[in-house]
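Colleague: with the input below, show me the fold.
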Amino acid sequence: MSEKTDALRRLQLLDTKLKIVEGDKLYRNYDVQKKLNHIQQKKSELSKNSEEIKTFYKKSSGKELDLKSIEADINKLQLQMNQVKTNKEFGAIKLEIGGKEANKSVIEDEILKMMTAYEEMQQRYKSSEKEIKQEDLQLEELKKRVDTDLKALESEIVELKKKRADYETALDKDVLQQYQRLVSHKDAVAVVSVVNKVCQGCFMSVTSQALNKLMSDKDLTFCHSCGRILYLDNGKEE
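Modeller: Reported below is the predicted structural model:
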């Protein structure tokens, strides 16, 4: 393998590693954002539940006012019943009181059900509130772990970039341009091995001329099919 090809192959290994580490860095940031989004959604739902509880409470309070109004009507009718002079009037008021009592019974049942539902809503709200507080604590712990991981990854990125710069310095401008051009057009794989006379980039057979050039180890050799830089695999790959 020529010195240029070996340097480019090692440069590609560094670029691959760098890409992986930078991806890990983005992924760790995503972990925090994902947890944060989850908590924000929970808080939004909690706020919505709070408004629903307030609306339900107002509705319940309205039912209690209706009950008090009916009770006041019944009291008035009972007073009137004590003052009537004929059986007809007495019977009419008694009938009206019976209707009011029936309505009162229905409203009392509704209020009882609403009170039970209201208590359940409050319990769910408190339970959700407790869960969110716990998730907030988990988020803080996650942030600490991610921050530690990110510092380690950033340190690794700096080291990889330093090594990469050393390889770039050892290569001339034209060779680097050829490499960068291939990286941008060949899915970031610019340097590939030849195994059993087959290019491992496009899996096409290489020419005899290319094989002879590879064995001479004098300069860069390109695949006639895909244009990638070739090297012979001696079975001792890193």
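Colleague: so how far is Tyr27 from Ala72?
Modeller: 68 Å (CB to CB, to the nearest Å). (C-beta placed from N, C-alpha, C; glycine too.)
Colleague: which helices and strands sit right next to the helix or strand harbouring Gln33?
Modeller: Using DSSP states H and E, Gln33 falls within helix 3-83. Under the contact criterion of 3 or more CB pairs under 8 Å, 6 or more residues apart in numbering; DSSP states H and E, helix 3-83 touches helix 87-170, helix 173-185, strand 191-195, strand 229-232.
Colleague: that helix: how far from the chain's middle?
Modeller: How far helix 3-83 lies from its chain's middle: 14 Å, per CA atoms, centre = their mean, to the nearest Å.
Colleague: next, the angle from that helix to helix 173-185.
Modeller: Between helix 3-83 and helix 173-185, the angle comes out at 40 degrees (axes from the mean of the first three to the mean of the last three CA atoms, to 10 degrees).
Colleague: just want the angle from helix 3-83 to helix 87-170.
Modeller: 170 degrees.
Colleague: distance of the residue nearest the centre of the chain from Tyr27?
Modeller: By CA atoms, centre = their mean, the chain has its centre lying nearest to Lys34, at 3.3 Å. With distances taken as CB to CB, Lys34 is found 10 Å from Tyr27.
Colleague: and for Leu112?
Modeller: Counting by CB to CB - Leu112 and Tyr27 are separated by 54 Å.
Colleague: again with Asp149
Modeller: Distance from Asp149 to Tyr27, by CB to CB: 10 Å.
Colleague: more neighbours, the two?
Modeller: Asp149 (16 against 12; other CB atoms under 10 Å).
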